[in-house]
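Asks: Pasting the sequence and the predicted coordinates here, then a few questions.
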Amino acid sequence: MLEHAKNRLKELQEHLQDAKVDVALLTDESTIAYYAGFWGYLSVEFGRPTFLIVPADGDPVVVTPLMESEMVSAMTWISDVRTWEDAGSNHWENVLSQIFKVFPRRLGVEKTVLPGLVLSWLESASDEAQLSDVSPLIAKMRTVKSPFEIGIMKQAGLVAAAMMGAAQEALAEGVPEYEAALAVINAGTRAAADFLTDKGWEQFVSPMIHNLQIMQSGMDTSMVHRRASVKRLQAGDPVYFCFCNMAQFKQYKLGFDRMFNISHVSDQAADVQQAAIDAQQAALSVLRPGIRAEAVAAAANEVYQDRGYASSYRTGRSIGMAYLETPELKSGDTTELKAGMTFAVDGGISIDGHYGGRIGDSVVVTSDGFEYLTEYPREVVVIG
């Protein structure tokens, strides 16, 4: 992992030189993991930013809170790790001032994810510095995944399949939603642990599946992002699981959604669910190198229209170390797809106050089509 991160950073430096950017100051957790190989668990939301400083020519520097520095040093390939403290004169602003004794004329930042407290400091630190948005060149580097990255994402897919299998097995009349969520956590954690060792860099990768389970049942299936509750399942309930903030491994994040039905399914609910499945399959049927992203969405939208439904959100999004990368499978995105791009591809219908129909898989674009990263039956399922 670290050798791959090191090579990516060297490539980034070449792009910075071409763009005539003197130094990049990176703060996004997924970006830092991509280039430096480490991540934290208590970050800027606690007022504790971490920085990766990448000169166009020279050695990179990491600036991290003192309490995180031991783990950071053990996880990254970068040797120059500077620390800062919450109290006293060694605060992060002073550490950056010491590093930037002469402020870079053109400083690269990811403007869309730059924390407000860092932006405020940058604006006050120098009147002459020009902030250059390096988000596009970083996004371009991350768009096409390497075989190494795809290998990790396939492992994440196997973890996700174990999670979904446990979710399905936990469903029955009278079972509270949270019991299914607990089954997901346990199964996913054990599946992830099977891919890990306690040696080297891997010893810092936690197998624990976490975050609040996105789950809805009954009439609540039209509430797309409601979390698992104490509600008990009833006969006739459709049940929806989304793993979009849980199906991840070694920082690579997938999209994965399925629906089930308790005891029986109404004709209306089955029709909505099948339409979502058919729309997803229509999108996947045209997914290949050379096609435009918006054309994939158009294939799904045609199914919705033919069935008398409307889709209110995109058909898919790029996935990787971030939950959302580029391009997106939606109207207006004219990016031509390439082999090695990875997407979460969805079929989705919401009928407010009634039913929802949703399905989602992660895929990688291949030379002649696509390959699933998540494998699980794609059909209307009745439990019991």
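Replies: Arrived safely, thanks for sending.

Asks: contacting residues for Gly360?
Replies: Cys242, Cys244, Gly255, Phe256, Asp257, Arg258, Gln280, Ala344, Val345, Asp346, Gly347, Gly348 (CB atoms under 8 Å, 6 or more residues apart in numbering). Backbone N, C-alpha and C define where each C-beta goes, glycine included.

Asks: Reformat these as TSV; add pLDDT and secondary structure.
Replies: Below are the contacts of Gly360 laid out as TSV (pLDDT from 0 to 100; DSSP: H, G, I helix; E, B strand; the rest coil):
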residue	pLDDT	secondary structure
Cys242	96	strand
Cys244	90	coil
Gly255	96	coil
Phe256	97	coil
Asp257	97	strand
Arg258	97	strand
Gln280	97	helix
Ala344	97	strand
Val345	97	strand
Asp346	96	strand
Gly347	95	strand
Gly348	92	strand
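
Asks: Drop anything exposed from these.
Replies: Buried subset of these (neighbour count, 16 or more other CB atoms under 10 Å): Cys242, Cys244, Gly255, Phe256, Asp257, Arg258, Gln280, Ala344, Val345, Asp346, Gly347, Gly348.

Asks: Can you tell me whether I have it right that Glu3 is in a helix?
Replies: Yes. Counting by DSSP: H, G, I helix; E, B strand; the rest coil, Glu3 is located in a helix.

Asks: Quick check, Ala5 in contact with Tyr35.
Replies: Yes. Ala5 is within contact range of Tyr35, at 5.7 Å (criterion: CB atoms under 8 Å).

Asks: Which stretches in the chain count as helices?
Replies: 2-18, 29-36, 66-75, 92-99, 116-125, 135-143, 147-170, 177-193, 267-285, 293-307 (DSSP state H).

Asks: Out of those, flag the one nearest Asp57.
Replies: Smallest distance to Asp57 across the helices of the chain (CB to CB): 6.9 Å, for helix 2-18.

Asks: Output the closest one as CSV - backbone C-alpha positions only.
Replies: In CSV, the C-alpha atoms belonging to helix 2-18 read as follows (Å, rounded to 0.1, in the frame of the first residue of the first chain):
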residue,chain,number,x,y,z
LEU,A,2,2.7,2.5,1.0
GLU,A,3,4.7,2.0,-2.1
HIS,A,4,1.7,2.7,-4.2
ALA,A,5,1.0,5.9,-2.2
LYS,A,6,4.6,7.0,-2.7
ASN,A,7,4.4,6.6,-6.4
ARG,A,8,1.1,8.5,-6.6
LEU,A,9,2.7,11.4,-4.8
LYS,A,10,5.6,11.5,-7.2
GLU,A,11,3.1,11.7,-10.0
LEU,A,12,1.2,14.5,-8.2
GLN,A,13,4.5,16.5,-8.1
GLU,A,14,4.8,16.2,-11.8
HIS,A,15,1.3,17.6,-12.2
LEU,A,16,2.1,20.4,-9.9
GLN,A,17,5.1,21.3,-11.9
ASP,A,18,3.1,21.3,-15.1
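
Asks: what angle separates that helix from helix 29-36?
Replies: Counting by axes from the mean of the first three to the mean of the last three CA atoms, to 10 degrees, helix 2-18 lies at 100 degrees to helix 29-36.

Asks: now helix 2-18 against helix 66-75, angle please.
Replies: Using the same axes, to 10 degrees, the direction of helix 2-18 lies 100 degrees away from that of helix 66-75.

Asks: which residues touch helix 2-18?
Replies: With CB under 8 Å, 6+ apart as the test, helix 2-18 has contacts from 22-24, 33-37, 54-57, 60, 76-77, 108, 134, 137-138, 141, 146, 148-149, 201.

Asks: Might you calculate how far it sits from the centre of the chain?
Replies: Its chain's average C-alpha position is 22 Å from that of helix 2-18, according to CA atoms, centre = their mean, to the nearest Å.

Asks: Quick check: Ser30 touching Gln251?
Replies: Yes. With contacts counted by CB under 8 Å, Ser30 reaches Gln251, the gap being 7.0 Å.

Asks: Just put the buried ones among the contacts of Gly360 in JSON lines and tack on distance to Val364.
Replies: What follows is the buried ones among the contacts of Gly360, written out as JSON lines (distance: CB to CB, whole Å):
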{"residue": "Cys242", "distance to Val364": "20"}
{"residue": "Cys244", "distance to Val364": "17"}
{"residue": "Gly255", "distance to Val364": "13"}
{"residue": "Phe256", "distance to Val364": "14"}
{"residue": "Asp257", "distance to Val364": "18"}
{"residue": "Arg258", "distance to Val364": "20"}
{"residue": "Gln280", "distance to Val364": "16"}
{"residue": "Ala344", "distance to Val364": "11"}
{"residue": "Val345", "distance to Val364": "11"}
{"residue": "Asp346", "distance to Val364": "16"}
{"residue": "Gly347", "distance to Val364": "19"}
{"residue": "Gly348", "distance to Val364": "21"}
